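Enquirer: Quick check, what structure comes out for this input:
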Amino acid sequence: MKMICIDEMDLLNCIKRTKEVIRMIIPKGLNKGDKVAIVSLSWGGAGDGEIYNRYLTGKKRLEDVLGLEVVAMPHALKGSAYVSTHPEDRAKDWMDAFRDPTIKGIISNIGGNDTIRLLPYIDYEVISDNPKVFMGYSDTTVNHFMCYKAGLRSYYGPSVLMEFAENVAIHDYVVEGVMRTLFSNDVIGEVEGAKMWTSDYLPWDVAENNATQRKMLPETHGYEVLQGSGRVTGALMGGCIESVNDLRGTPLWPSLDEWQGKILFLESSEDKPSPEAVACMLRGFWATGIIDVINGILVGKPQGEVYYEDYKSVYKEVIGIQCGRPDLPILYNVNFGHASPITVLPYGALAEIDCDKKSFKILESGVL
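Expert: Numbers count the residues shown, from 1 in each chain. As a prediction, this is how the structure comes out:
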């Protein structure tokens, strides 16, 4: 694992701050020709009607653009009704994908809203004993916390039905983020914001929509610093705010010591939770103690920029005033989550927020 220290900072201080990063199992990177497994760990729509054709598009892109060999696990394409009824089979697919030595990576078809139902069926030793790349986002947050509990780095990033099956073509921003995070062991470095974005909705069950490019909009905000100054570093931890909130009080919630010094990343789902709901969730996080011990917060671009200004006000009010952390750096409008395109965030990777430069860096490689 390659590490760098900021501006010639003292090496011992760098090692001290990153000891929680070093303890994680870092999987080997992907290479062209590698076999990757596709899983449906929450919603099973990839097997439904016209949406199955969208799955085939995503599969072909993974093969043609990234050079991967793609296999669907046995229950991944059985349809939303079956997948919803059988969380044990969803979990079995995931465990079996880890066990299979010919499979080098695992990618979620999409998120959903009930991944937590897999909890009784997870064998954490299977995950830790068979480290490999696992990627997805949204409610796949729950699976990422399962990986974290097992000690394995996983990757908050593109899914098959969303990013890889993007209408007409995968966004270059997505391909670039995947390649430098999962296919290279170079330090990831600065993560620049996307120049264009979209949340244009074209129904997936209408076949001709897949040949229609979604309307792209110029990025007019860029990264915004809501509060804080200077530079902070910390290991990345977080996900979809609603899913992270669901984990409070469960066996997947890390101890307060494990939250120490983290950079918490949060983004909101396509359900577009109200500002009041987001405020309640943030206060809930504060009640667990984590807001007092983290080093910074990254906030993802809201889908459609709905509640864009309202969410800004909520974070400043709740974190800065109600939680008493006006010093805590918050970088807003970062490209991960439910507005396209998105980058890849490796759990446990050392990252930096520079409030003065309005920049975000990942200070190590994503994979071995």
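
Enquirer: Asp305 contacts Lys312, correct?
Expert: One thing to correct before we go on: residue 305 is Glu, not Asp. No - with contact defined as CB atoms under 8 Å, Glu305 does not reach Lys312; the gap is 11.1 Å. The way it works is simple: take the backbone N, C-alpha and C, and place the C-beta from them, glycine included.

Enquirer: and those two? which has more neighbours close in?
Expert: Using other CB atoms under 10 Å as the criterion, Glu305 and Lys312 rank with Lys312 on top: 19 against 16.

Enquirer: dump the residue contacts of that one.
Expert: Residues near Lys312 by CB atoms under 8 Å, 6 or more residues apart in numbering: Glu224, Leu226, Tyr332.

Enquirer: Please repeat the previous calculation with a cut-off of 7 Å.
Expert: Listed by CB atoms under 7 Å, 6 or more residues apart in numbering, the contact set of Lys312 reads Leu226, Tyr332.

Enquirer: Next: Gly320.
Expert: Per CB under 7 Å, 6+ apart, neighbours of Gly320: Gln227, Pro326.

Enquirer: isn't there a strand covering it?
Expert: No - going by DSSP: H, G, I helix; E, B strand; the rest coil, the assignment for Gly320 is helix, not a strand.

Enquirer: what's the distance between it and Ile297?
Expert: 11 Å (CB to CB, to the nearest Å).

Enquirer: What ranges does the stretch 101-250 of the chain have for its helices?
Expert: 124-129, 141-150, 172-182, 241-246 (DSSP state H, counting those that start in this stretch).

Enquirer: out of these, nearest to Asp48?
Expert: helix 141-150 (21.3 Å; CB to CB).

Enquirer: what's the closest one in contact with?
Expert: 41, 115-116, 122, 124, 127-128, 134, 136, 154, 156, 239-240, 243-244, 247, 252, 254, 347.

Enquirer: any idea which helix is longest in the protein?
Expert: helix 49-64 (DSSP state H).

Enquirer: right, and the helix or strand after that helix?
Expert: strand 69-72 (DSSP states H and E).

Enquirer: Grab the CA positions of stretch 80-95 and hand them over as CSV.
Expert: Output of stretch 80-95 as CSV, limited to C-alpha atoms (Å, rounded to 0.1, in the frame of the first residue of the first chain):
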residue,chain,number,x,y,z
SER,A,80,-37.6,-8.3,-7.5
ALA,A,81,-40.4,-10.5,-6.1
TYR,A,82,-38.0,-13.4,-5.4
VAL,A,83,-35.1,-11.3,-4.2
SER,A,84,-37.3,-9.4,-1.8
THR,A,85,-38.7,-12.7,-0.3
HIS,A,86,-35.3,-14.4,0.1
PRO,A,87,-32.7,-12.3,1.9
GLU,A,88,-30.9,-15.5,2.8
ASP,A,89,-30.3,-16.2,-0.9
ARG,A,90,-29.0,-12.6,-1.4
ALA,A,91,-26.5,-13.2,1.4
LYS,A,92,-25.6,-16.6,0.0
ASP,A,93,-24.7,-15.1,-3.3
TRP,A,94,-22.5,-12.6,-1.6
MET,A,95,-20.8,-15.1,0.6
